[in-house]
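S.K.: Turn this into a model:
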Amino acid sequence: MAEYNLTLITSPAVEPMTLTEVKAYLRLDDTSDDSDDIYISSLITVAREYCEEYQHRAYVTQTWELSLQKFPIDETDLLNNNLSNSIIEIPKGSLKTINSVTYKDSAGVVTTMEPEIDYVVSSRGILGRISPPFGKIFPVCLLYPLDPIVINFTCGYGDDEAKIPGRIKQAMLLLISHWYENRMVINNLRGVTPEEISFAVTTLLLKDKITIL
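M.R.: Below is the predicted model of the structure:
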């Protein structure tokens with residue numbers, strides 16, 4: 001796929017874990033002060049962002065925009081009933097919907113492409129894909145010099161934290177616990193081994209990590 005930019009449009013409505021769940025893991029009761037709750041809530045968000053970035057995924061449903069510099073175009077491959085390399089992969093994993101596909105020509109005119117007429121979508125597998133319908137190709141024209149193609153899409157495991165895999169939650173809990181107990185730069189002299197935390201977290205996250213080519 002051509003080089004691309006990603007922009008978060010709509011953040012997840014909830015985090016993969018609740019404050020109550022995390023406080024129970026940290027063995028804290030509900031009498032802790034508000035400042036502590038605010039701090040723990042911020043750690044939940046940071047841990048989720050860290051794990052998402054490591055796995056190149058989105059967890060709870062969110063909306064993104066993918067911008068491309070050009071359409072992938074190749075010669076027709078009749079044996080495969082398609083264009084051999086005219087496929088756009090949608091990053092972040094667990095594609096739910098393609099909300100819109102637009103492109104801007106060199107004159108600045110924006111065209112909205114029609115699903116099933118100008119492109120087809122597959123959400124099977126780890127990465128969703130967009131391709132021209134059989135017998136068609138992506139538009140061939142002079143494109144705007146910066147981010148001319150914009151694909152708005154929704155992705156994620158689901159709309160609530162219950163659909164997030166357990167190993168992701170465990171990785172987040174390890175990070176949150178580590179950060180909660182160690183609020184400054186750590187070293188081995190303080191009895192903490194950062195390599196062990198890193199190994200445990202990455203081991204939990206490695207299975208579902210998306211490889212970016």
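
S.K.: which secondary structure element contains the nearest residue to residue 112 once chain neighbours are set aside?
M.R.: Counting by Cβ to Cβ, 6 or more residues apart in numbering, the nearest residue to residue 112 once its immediate chain neighbours are dropped is residue 102, at 5.0 Å. (Each C-beta comes from the backbone N, C-alpha and C, glycine too.) Element membership for residue 102 (DSSP states H and E) is strand 95-104.

S.K.: and residue 47, which of the three is it?
M.R.: Classification of residue 47 into helix, strand or coil gives helix, according to DSSP: H, G, I helix; E, B strand; the rest coil.

S.K.: Next, count neighbours for it.
M.R.: Other residues near residue 47 number 26, with proximity taken as other Cβ atoms under 10 Å.

S.K.: can you pull the contacts of it?
M.R.: Residues in contact with residue 47 (Cβ atoms under 8 Å, 6 or more residues apart in numbering) are 171, 172, 173, 175, 176, 179.

S.K.: on that earlier part again, contacts for whatever helix or strand comes next after the strand holding residue 102?
M.R.: For strand 95-104, the following helix or strand on the C-terminal side (DSSP H and E) is strand 110-112. By Cβ under 8 Å, 6+ apart, the list of residues contacting strand 110-112 from outside reads 100, 101, 102, 103, 104, 105, 139.

S.K.: if you set the cut-off to 10 Å instead, what comes out?
M.R.: Counting by Cβ atoms under 10 Å, 6 or more residues apart in numbering, strand 110-112 makes contact with 100, 101, 102, 103, 104, 105, 118, 139, 141, 144, 148, 150, all of which sit outside it.

S.K.: check contacts around the fifth one.
M.R.: By that I understand residue 104. Contacts here follow Cβ under 10 Å, 6+ apart; on that basis residue 104 touches 110, 111, 141, 143, 144, 145, 146, 147, 148, 149, 150.

S.K.: mind giving me TSV with those and columns for pLDDT?
M.R.: As requested, those are exported to TSV (pLDDT from 0 to 100):
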residue	pLDDT
110	97
111	98
141	92
143	95
144	96
145	94
146	94
147	95
148	97
149	97
150	98
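
S.K.: can you tell me which of those are in strands?
M.R.: Residues of these located in strands (DSSP state E): 110, 111, 149, 150.

S.K.: Wait, the third one touches residue 113, no?
M.R.: When you say that, I think you mean residue 149. Yes. With contact taken as Cβ atoms under 10 Å, residue 149 and residue 113 are classed as touching, separated by 9.4 Å.

S.K.: I'd like to know which of the contacts of residue 47 are part of helices.
M.R.: 171, 172, 173, 175, 176, 179 (DSSP state H).

S.K.: what's the following helix or strand after the lowest-mean-pLDDT helix or strand in the chain?
M.R.: With mean pLDDT, DSSP states H and E as the measure, the helix or strand of the chain carrying the lowest mean pLDDT is strand 82-83 (a mean of 51). Sequence-wise, the next helix or strand beyond strand 82-83 is strand 88-90, with elements assigned using DSSP H and E.
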